[in-house]
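[1] sequence unavailable; structure follows:
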């Protein structure tokens, strides 16, 4: 089935603003508590960020005032140079953006012009939002909802062999690691797919958090594949969702075209002035990947020990959770609401992910204290929910 604005995509059961994670202020208003009282496991941000060095730099920028007073440099030269140096590319191959979401919008404009997009499902709803801006057609690539390893591995359902630019969908969107499953796709398996599509858009927003994940990045393939675009976000790695910063890597001519389409100053002055130092903090990167490597298996093992809960294998700082009773999937909305209302813990409602329903929840990895708080709350609420109380 092909979907477009003329042939509407299936809609979630509630507005996307309610289903999307990370709206801690709205949740605090709804629950009548302070935002800091909430444990937000609905947004997959590093819980001990932002980095202290970034906070100090922002304080200096605010004290100086220039980053607030002056218009940002429309070329974002320093930010582009820092990003390019980090990836071994030329600055023209980098386009900073107001988070990855803004860049998806321009990727979708190219995708809509190229033909039908193929979207692995379940998948991130923002790709559909971006395509709808340009009446872009898309069709799903259903992924199996049962997997035994977090990867790296091949993208299921799409064999790498095939014609150069297939007669079917012309555009492939990939999230690596996949959102919401946390599965990691291997570079070796993805590279042969590049010749099958006129445009391949790879969202690597979470890849820097994966221990050893850069070995699977498609960035090294950019020089030989002008049809490839890689989009990165600093929001997750640095816990700066409020600052908004990401960048696209790709063919300079394509990125120059995107730059001509958008607003003159999409990245604010504070983000632009601070961003050039963010990519060089290797100690922070090591700390984040060490946290994922330690806390991820620890939490997953303890969730798996709870009767009736099935945490799925993941490579990154979030995991999918499914409940069951008598071998049948169990609706988890009562559990999500109980954790929210009685324990001030937010989990991600998965109904905004095409292909998932209310029997799934996504939860974001916390620090040890936060993970213990989550487990304690589950220990109190899950037996009652599972029993149907």
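    Here it is on my side, so go on. Every value quoted in this text rests on a predicted model; they were computed, and no experiment measured them.
[2] isn't residue 319 up against residue 363?
    Yes: using CB atoms under 8 Å, residue 319 is in contact with residue 363, at 6.3 Å. Bear in mind the C-beta positions are built from the backbone N, C-alpha and C, glycine included.
[3] quick one: low-confidence residue ranges for this structure.
    By pLDDT under 70, the low-scoring segments of the chain are 1-22, 160-166, 277, 389.
[4] which residue ranges make up each domain of it?
    16-50+282-387, 53-275 (automatic domain parsing).
[5] pull up the distance across the longest one, start to finish.
    It refers to domain 53-275. Terminal residues of domain 53-275 are spaced 12 Å apart (CA to CA, to the nearest Å).
[6] is residue 247 in a helix, a strand, or coil?
    Put simply, residue 247 is strand when judged by DSSP: H, G, I helix; E, B strand; the rest coil.
[7] how about the closest residue to residue 179 other than its chain neighbours, what does it touch?
    Distance criterion CB to CB, 6 or more residues apart in numbering; nearest residue to residue 179, sequence neighbours excluded, is residue 124 at 4.9 Å. Listed by CB atoms under 8 Å, 6 or more residues apart in numbering, the contact set of residue 124 reads 175, 179, 180, 203, 353.
[8] residue 348: neighbouring residues, count only.
    26 (other CB atoms under 10 Å).
[9] so how far is residue 336 from it?
    Applying CB to CB, to the nearest Å, the value for residue 348 to residue 336 is 9 Å.
[10] tell me, what's touching the two both at once?
    residue 361.
[11] quick check: buried residues in the strand of greatest length in the chain?
    Counting residues, the longest strand found in the chain (DSSP state E) is strand 318-325. For strand 318-325, a neighbour-count test (16 or more other CB atoms under 10 Å) marks 318, 319, 320, 321, 322, 323 as buried.
[12] which residues of the stretch 101-250 of the chain fall in strands?
    Using DSSP state E, counting those that start in this stretch, the strands of the stretch 101-250 of the chain run over residues 117-121, 138-142, 171-175, 199-203, 228-233, 246-249.
[13] list the contacts of the shortest one.
    Spelled out, it's strand 246-249. 79-80, 83, 87, 89, 93-103, 106-107, 205, 219, 222, 229-235, 255, 258.
[14] now do the fourth one
    Taking contacts as CB under 8 Å, 6+ apart, the residues outside strand 199-203 that touch it are 100, 104, 107, 110-111, 114, 124, 127, 170-176, 179, 190, 193-194, 218, 225, 227-231.
[15] now do residue 99 against residue 283, distance only.
    24 Å.
[16] same check on residue 223?
    In terms of CB to CB, residue 223 sits 29 Å off from residue 283.
[17] ok so, going back, same for the helix or strand following the longest strand of the chain, what does it pack against?
    Toward the C-terminal end, the helix or strand that comes next after strand 318-325 (DSSP states H and E) is strand 328-330. Strand 328-330 sits against strand 318-325, with contacts defined as 3 or more CB pairs under 8 Å, 6 or more residues apart in numbering; DSSP states H and E.
[18] from the middle of its chain, how far away would the strand it packs on be?
    19 Å (CA atoms, centre = their mean, to the nearest Å).
[19] ok, now stretch 342-355?
    Chain-centre distance of stretch 342-355: 15 Å, with CA atoms, centre = their mean.
[20] do stretch 285-302 as well
    Remark: stretch 285-302 is offset 18 Å from the chain centroid, using CA atoms, centre = their mean.
[21] same deal with stretch 69-78?
    27 Å.
[22] and the contacts of the one helix or strand residue 339 maps to?
    Residue 339 is located in helix 333-343, with elements delineated by DSSP H and E. Helix 333-343 has contacts (CB under 8 Å, 6+ apart) with 27, 31, 39, 323, 345-347, 349, 358, 361, 373-374, 377-378, 380-382, 384-385.
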